[in-house]
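Asks: Need a 3D model of the sequence below.
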Amino acid sequence: MSTVSALPFLKSSLLMRPLMGSITPRRGRRHTLPASEFRCLSPEDAISVFEIEREAFISVSGECPLHLDEVCHFLTLCPELSLGWFEEGRLVAFIIGSLWDQEKLAMDALTLHKPHGSTVHLHVLAVHRTFRQQGKGSILMWRYLQYLRCLPYVRCAVLMCEDFLVPFYQKSGFKVQGPSDITVGPLTFIEMMYPVRGHAYMRRNSGV
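Replies: Numbers count the residues shown, from 1 in each chain. Next up is the predicted model:
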């Protein structure tokens, strides 16, 4: 389940570099955090993740895709399938995924990680309320999908979302697969799929 300006990552050394020809007093080195950083999440990020998720979802649907223990579960088993966007060390947006061994989601996909699967199940995308309406969700999704292309075992990415979020994910390249078999209380979902390994990948590896 999922809810929802940009500069590429600039290293702090570039941000702090003085202009050519300028004279600055000699000072001790200051340790600064990157202005913007993208990295995989760890269990230590779980509380920050859950706080953003809870605020984003409870007000909209009344349900969180992942409870805190499930966030910890996936960030322990498959942190490499998560991505967080940090601004000056503060988490502002994130995606959490896990592996699934079928192209269509089943109820077990909500809680299980299948290490030998080739389908990435995107459990949740959420943006901190202070940073919404800035395109960060779309940018983070684009970076995440590009990252998945670097993982040789990933064939596709799938997610389920409510009707009103379908256009958002379509803009990122996801295709509607139809109604999901999964329901959560009164909530129903649309299942969507993104082909990580498409025709371009097949041509590169076909020897043609």
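
Asks: Point me to the helix or strand that includes Leu99.
Replies: Here Leu99 is covered by strand 90-100, with elements defined by DSSP states H and E.

Asks: what are the pairing partners of that strand, and which direction each?
Replies: When pairing is defined by DSSP bridges, strand 90-100 lines up against strand 82-87 (antiparallel), strand 119-127 (antiparallel).

Asks: Only alpha carbons, please: show the longest one as CSV.
Replies: It stands for strand 119-127. The C-alpha trace of strand 119-127 is given here as CSV (Å, rounded to 0.1, in the frame of the first residue of the first chain):
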residue,chain,number,x,y,z
THR,A,119,9.6,-9.6,-7.8
VAL,A,120,10.1,-6.6,-5.6
HIS,A,121,6.9,-5.8,-3.6
LEU,A,122,6.8,-2.1,-2.7
HIS,A,123,5.1,-2.0,0.7
VAL,A,124,5.0,1.7,1.3
LEU,A,125,6.1,5.1,-0.1
ALA,A,126,5.6,8.1,2.2
VAL,A,127,6.8,11.7,2.4
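
Asks: now Ala35: how far from Glu70?
Replies: 31 Å (Cβ to Cβ, to the nearest Å). (C-beta placed from N, C-alpha, C; glycine too.)

Asks: between these two, which one's more packed in?
Replies: Neighbour count, other Cβ atoms under 10 Å: between Ala35 and Glu70, Glu70 has more, with 19 against 15.
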